[in-house]
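Turn this into a model:
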Amino acid sequence: MLLFDTHADTLYRRAMHPLESCDVTAQTLRDGGVTVQTMALFVGGGPKLSGIAKCFRKMWSQYDELLLQSGWKQIRDYRDAREEEPSFILSVEGCDLLENKLDLLHDWRNAGVRMAALTWNYENCIGTPAKIDNAAPLKPFGRETVKEMVRLGIAPDTSHLNERGFYDLLEMGVVPLASHSCCKALCGHCRNLTDDQLKALFQAGGYVGVNFYPYFLSDDGHATIETICRHVLHMIEMGGEKQIGFGSDFDGIECKPQDMNGPQDFPQLLNALRGHGLTEAQIEGLAGQNLMAYYDRIDPRT
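So this is what the prediction gives:
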């Protein structure tokens, strides 16, 4: 079975906190049967572009090191995944560095980036995050950027983007994803998606990777594998049976759900979902087939 995770901050942890152990390693991926781990290039801990650029350079260095290490293999399309061949693929979390220039977007695509979150928690040249203001529209350069992303086959990622920006994308006819988000109906965090957003995203053909951060899963921050299951099942109720998967946020979260400590625990999560009556076809969809179908919709192979 193919198993994908659409978000982890492992490159950031390796670059900025080299003495800390990582949740995501070649071994934990193998232990959990994870076929493809999405590795985010994250804008980092401050809004200044000079600091973001420095952080990106360090993460690119870690990316180069991974390619030299045994057990790590990069792919450039989820549809190139092979069972029992763990690999990773690149994403970007926060397009701040584009700085009103599209050339860098082409460089990212050439390096293998296949999704890019338009914002992180800072307002940038693209748009405004949910953390700051839900009513601000996507900026003109943001619209230009998204059109170019679509042309290049980079999925526009709405995790962190505000509601108005989210709906602006749909009104443009764009089919985005949310790589690591949860349900606001179950947890009121500003980063989570409302039922209306989920329904609209699924109707448009989009995709959601369920986040494992306890404070996105539960208002009191107490979460278990069963809490993750509730968010999955709620998204299925909203029409997302064939359009959801997992976006763990491993290596980017300071606490984790009980019994979900890293990629090695994915089998427990899948078994819990089976316990809720999901069929093997549904499990295979959640694990990987749904994401590959999403890329077939936005970037069909000829």
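
switch to C-alpha atoms for all contacts and neighbour counts from now on
OK.

Please tell me I have it right and Phe56 contacts Leu41.
Yes. Using CA atoms under 8 Å, Phe56 is in contact with Leu41, at 6.6 Å.

Just want to know which of those two has more residues nearby.
Leu41 (27 against 21; other CA atoms under 10 Å).

what about the residue lying closest to that one once chain neighbours are set aside, which helix or strand?
With sequence-adjacent residues excluded and distances taken as CA to CA, 6 or more residues apart in numbering, Leu41 is closest to Val92, at 4.6 Å. Using DSSP states H and E, Val92 maps to strand 87-93.

Please work out which residues outside that strand touch it.
By CA atoms under 8 Å, 6 or more residues apart in numbering, the surrounding residues in contact with strand 87-93 are 35-43, 72-78, 81, 112-120.

Please apply the same query to stretch 169-180.
6-7, 143, 150, 155-159, 201, 204-211, 246-249, 298.

Please spell out which residues along it are buried.
169, 174-180 (16 or more other CA atoms under 10 Å).

Which ones among these map onto helices?
Counting by DSSP state H, the buried residues of stretch 169-180 place Leu169 in helices.

can you map out the helices along the protein?
Taking DSSP H as the criterion, the chain carries its helices at 10-16, 26-32, 49-68, 103-111, 140-152, 163-171, 195-204, 214-217, 225-235, 266-275, 280-284, 290-298.

Tell me which of those sits most buried.
helix 214-217 (a mean of 24; mean count of other CA atoms under 10 Å).

tell me which strands and helices that one is in contact with?
helix 225-235 (3 or more CA pairs under 8 Å, 6 or more residues apart in numbering; DSSP states H and E).

gap between the helix it packs on and the chain center?
In terms of CA atoms, centre = their mean, to the nearest Å, the centre of helix 225-235 is found 17 Å from the chain centre.

and the angle for it with helix 195-204?
60 degrees (axes from the mean of the first three to the mean of the last three CA atoms, to 10 degrees).

And helix 225-235, what does it pack against?
strand 207-210, helix 214-217, helix 266-275.

okay, and for this structure, where does confidence drop off?
Applying pLDDT under 70 to the chain picks out residues 302.

Nearest residue to the middle of it?
Ser179 (2.5 Å; CA atoms, centre = their mean).

so what's Ser181 bridging to?
Applying DSSP bridges to Ser181 gives these bridge partners: Val210.

Quick one: neighbours of it, just the number.
26.

just to revisit the earlier point, give me the buried stretch members for the strand holding Val92, please.
So, applying 16+ other CA under 10 Å, buried residues of strand 87-93: 87-93.

Could you list the alpha-carbon positions for that strand in PDB?
Extracted as PDB, the C-alpha positions of strand 87-93 are listed here (Å, rounded to 0.1, in the frame of the first residue of the first chain):
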ATOM      1  CA  SER A  87      11.200   8.600  -0.600                       C
ATOM      2  CA  PHE A  88      10.600  12.300   0.000                       C
ATOM      3  CA  ILE A  89       9.300  15.200  -2.000                       C
ATOM      4  CA  LEU A  90       9.700  18.900  -1.500                       C
ATOM      5  CA  SER A  91       7.200  21.600  -0.600                       C
ATOM      6  CA  VAL A  92       7.400  25.200   0.500                       C
ATOM      7  CA  GLU A  93       5.600  26.600   3.500                       C
END
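
what angle sits between it and helix 49-68?
180 degrees.

between strand 87-93 and helix 103-111, how big is the angle?
170 degrees.

Format the helices and strands packed on helix 225-235 as JSON lines; extra columns: distance to Lys184.
Below are those laid out as JSON lines (distance: least, CA to CA, whole Å):
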{"stretch": "strand 207-210", "distance to Lys184": "12"}
{"stretch": "helix 214-217", "distance to Lys184": "8"}
{"stretch": "helix 266-275", "distance to Lys184": "20"}
